[in-house]
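Novice: How does the following fold in three dimensions:
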Amino acid sequence: TGYSYTGIFNSEIENSTFLYSSELNTIAQYKITKTNTLIALFWKFNGNQPEYLVDDAGVVSIFNGQNYSMVDASVNQKLIHDRITIGAGLKNILDVTTINSLETAGAHQSNDNKVFTGMGRSVFLRFQYQFRK
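Specialist: Predicted coordinates:
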């Protein structure tokens, strides 16, 4: 389990202060010793990221972006004296792809106040062979 509390300072904004956001992550694992199988669940919470917003009149305000969680899971099986590992898993189980934010439209983005966070849910397979001396 890990936790971070990060402050960001914007020197371009007069009388600005640090804006803080938090992250929390944890891993839960279960090993089936009889079959040498490892089941793992990974979770990360991303707290809202505050941002300075300056309107056309030069008025500064603070906007808090949306918080969100990412969840991954995997199953790994060790074989042949732990020399081969095969596994499969699912990344971004919650299918988080965008969060609400305040972004101004640029040349290659729309102005719908969404920020890209990930490519969506995906499946992976793993094969590992360990050479020994």
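Novice: The helix or strand of the chain with the lowest mean pLDDT: partners in the sheet, and parallel or antiparallel?
Specialist: Every helix and strand of the chain was ranked by mean pLDDT, DSSP states H and E. The lowest is strand 114-116, at a mean of 76. Strand 114-116 has its sheet partners listed here by DSSP bridges as strand 98-100 (antiparallel).
Novice: sorry, back to before: check which helices and strands the helix or strand following the least confident helix or strand of the chain is in contact with.
Specialist: Next in sequence after strand 114-116, counting helices and strands by DSSP states H and E, comes strand 122-129. Judged by 3 or more C-beta pairs under 8 Å, 6 or more residues apart in numbering; DSSP states H and E, strand 122-129 is in contact with strand 68-79, strand 84-91. C-beta here means a position set from N, CA and C on the backbone, and glycine is covered the same way.
Novice: Just the buried residues of strand 122-129, please?
Specialist: Residues of strand 122-129 include none that count as buried (16 or more other C-beta atoms under 10 Å).
Novice: ok, that strand: who's next to it in the sheet?
Specialist: For strand 122-129, pairing defined by DSSP bridges yields strand 84-91 (antiparallel).
Novice: center of this protein, which residue is that?
Specialist: Central residue of the chain (C-alpha atoms, centre = their mean): M70, 5.3 Å from the mean position.
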